[in-house]
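J.: using only what follows, build the 3D model:
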Amino acid sequence: MPGNSFGQLFRITTFGESHGAAVGAIIDGCPAGLKLSEEDIQPDLDRRKPGQSSITTQRSEADNIRILSGVMEGATTGTPILVIAFNKDAKSSDYNKLKELYRPSHADYTYELKYGIRDWRGSGRASARETLARVAAGAIAKKYLFEKCGTQFLSYVEQTGTIRTDIDLNKVTRKSIDGSIVRCPDKAISHKMLKLIEQVRREGDSIGGIIKGLIKSPPPGIGEPVFDKLPADLGKAMLSINAVKGFEFGSGFGGASMRGSAHNDGLFLKGKKISFSKNDAGGTLGGITTGQDIYFRVAFKPVATIAKQQKTVTKSGKTVLFSAQGRHDPCVLPRAVPIVDAMAAIVTMDHYLRQLSSAAGR
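T.: I've put the predicted structure just below:
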């Protein structure tokens, strides 16, 4: 089965290519009665769109979203929602010479191995432009979950290269995240990250890093053992994002060096409510949410498209030197923050609806 769809009860199918006519998504399973307009979706797309700052690609796309189905008189009808954004600034000519060669660390070679053909215009479906559709779908899930459960999604750039913030999660807000073009809520560290990205760009290179995912006030009791644990589905969701090479949940790899007596989260009564001494588990136990905040880390490799010369081969097997032309991000992290939020929201929404349909949820 082609891998263009994600989710079970809240299911999205994305379509479109980087330099095709449009990109978009069909969202199936959104409950009826949610007040929804294009204005509810657009702000998240504006956080992801190209050309928003000096450290992002200067491709000029407004990414104006349109809702073509599933909404009537300002509310969802319970039927599939189709959202679409038309490409306005596609310059396929920038990629003409890619018809005959395979770019280092891109999907050019593997797409041709799989399909016998590939879309050389900016990577086609392998382009991060596909993530516009995910962000649009995620905006719908975020709105529903905030209204029903008060859940918020507050991912931010934790690390760029070796520069890292250790900011207290309780101090992270949407305002502090978006107050930095790097999307790091720590002002001093954000400034250092910006300088590094600017330096890397001048050198014709790129840099990777880590995004910290934070889900505040998630619905308690969601997650489906054994194979559909919430962290397992979050891991799949994050690893499906372009350039992601690692996923860590809760204490993650740091927990491997701890003893159980130090790692265990103690339970105690606070009035009539069960509380936890800390949250090394990351907000789930047995793959089911405790109601505590959920946190995880997502590692992004450096962007593969760089101006430095590299060796590669052509389709005919000739070795050539290649340097990328066109408009590209020196660091994907600032624009990837809303993508991480969106995928976290889609997973959470899907599991919330699955819980409502279960015996415990009725």
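
J.: from now on I want contacts and neighbour counts done on CA atoms only, so please keep to that.
T.: Fine.

J.: low-confidence regions, the protein specifically.
T.: 1, 57-60, 89-94, 326-327, 359-362 (pLDDT under 70).

J.: Leu101: what's it in contact with?
T.: Contact analysis of Leu101 by Cα atoms under 8 Å, 6 or more residues apart in numbering lists Thr312, Val313, Thr314, Lys315.

J.: beta partners for it?
T.: Leu101 forms beta bridges with Thr314, as assigned by DSSP bridges.

J.: so Ile26, which state does it fall into?
T.: strand (DSSP: H, G, I helix; E, B strand; the rest coil).

J.: does it touch Thr13 like I think?
T.: Yes. Between Ile26 and Thr13 there is a contact at 5.2 Å, judged by Cα atoms under 8 Å.

J.: neighbour count for these two, which is higher?
T.: A direct count of neighbours by other Cα atoms under 10 Å for Ile26 and Thr13 places Ile26 higher, at 22 against 18.

J.: can you pull the contacts of that one?
T.: So Ile26 contacts Ile12, Thr13, Thr14, Pro80, Ile81, Leu82, Val83 (Cα under 8 Å, 6+ apart).

J.: look up phi and psi at the residue of the chain positioned farthest from its centre.
T.: Residue farthest from the centre of the chain, counting by Cα atoms, centre = their mean, is Gly271 at 38.1 Å. The phi/psi pair for Gly271 (degrees, to the nearest 10) reads phi 70, psi -120.

J.: need the max-distance pair from the contacts of Ile26.
T.: Thr14 and Pro80 (12.7 Å; Cα to Cα).

J.: contacting residues around the residue nearest to Val313 when sequence neighbours are not counted?
T.: The shortest distance from Val313 to any non-neighbouring residue, by Cα to Cα, 6 or more residues apart in numbering, is to Thr319 (4.4 Å). Going by Cα under 8 Å, 6+ apart, Thr319 touches Lys311, Thr312, Val313.

J.: next, count neighbours for Arg259.
T.: Arg259, neighbours per other Cα under 10 Å, totals 9.

J.: mind starting the numbering at 22 from now?
T.: From this message on, residue numbering opens at 22, which makes the last subject Arg280.

J.: from His372, how far out is it?
T.: 31 Å (Cα to Cα, to the nearest Å).

J.: what's the answer for Thr340, then?
T.: For Thr340, the distance to His372 - Cα to Cα - is 49 Å.

J.: what do you get for Arg150?
T.: 26 Å.

J.: show the buried residues in the contacts of Leu122.
T.: Among the contacts of Leu122, those classed as buried by 16 or more other Cα atoms under 10 Å are Thr333, Val334.

J.: quick one: the residue farthest from the centre of the chain and Ser238, what's the gap?
T.: 19 Å.

J.: next up, the contacts around the spatially closest residue to Gly28 that is not a sequence neighbour.
T.: Among residues not flanking Gly28 along the chain, Asp371 sits closest, at 6.2 Å (Cα to Cα, 6+ apart). Asp371 is in contact with Gly28, Gln29, Leu30, Phe31, Arg32, counting by Cα under 8 Å, 6+ apart.

J.: number of nearby residues for the last one?
T.: Using other Cα under 10 Å, Arg32 is surrounded by 19 other residues.

J.: residues contacting the residue lying closest to it once chain neighbours are set aside?
T.: Closest residue to Arg32 apart from its sequence neighbours, by Cα to Cα, 6+ apart: Asp49 at 5.2 Å. Contact analysis of Asp49 by Cα under 8 Å, 6+ apart lists Leu30, Phe31, Arg32, Ile33, Thr100, Pro101, Ile102.

J.: from those residues, pick the one nearest Leu217.
T.: For the contacts of Asp49, the nearest to Leu217 is Ile33 (36.2 Å; Cα to Cα).

J.: ok, which stretches of the stretch 222-371 of the chain are strands?
T.: 230-237, 265-270, 288-291, 294-297, 305-306, 309-310, 315-321, 331-335, 340-343 (DSSP state E, counting those that start in this stretch).

J.: could I get the contacts of Asp49 in JSON lines, plus columns for distance to Ala209 and secondary structure?
T.: Output for the contacts of Asp49, formatted as JSON lines (distance: Cα to Cα, whole Å; DSSP: H, G, I helix; E, B strand; the rest coil):
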{"residue": "Leu30", "distance to Ala209": "42", "secondary structure": "coil"}
{"residue": "Phe31", "distance to Ala209": "39", "secondary structure": "coil"}
{"residue": "Arg32", "distance to Ala209": "40", "secondary structure": "strand"}
{"residue": "Ile33", "distance to Ala209": "38", "secondary structure": "strand"}
{"residue": "Thr100", "distance to Ala209": "47", "secondary structure": "coil"}
{"residue": "Pro101", "distance to Ala209": "45", "secondary structure": "coil"}
{"residue": "Ile102", "distance to Ala209": "42", "secondary structure": "strand"}
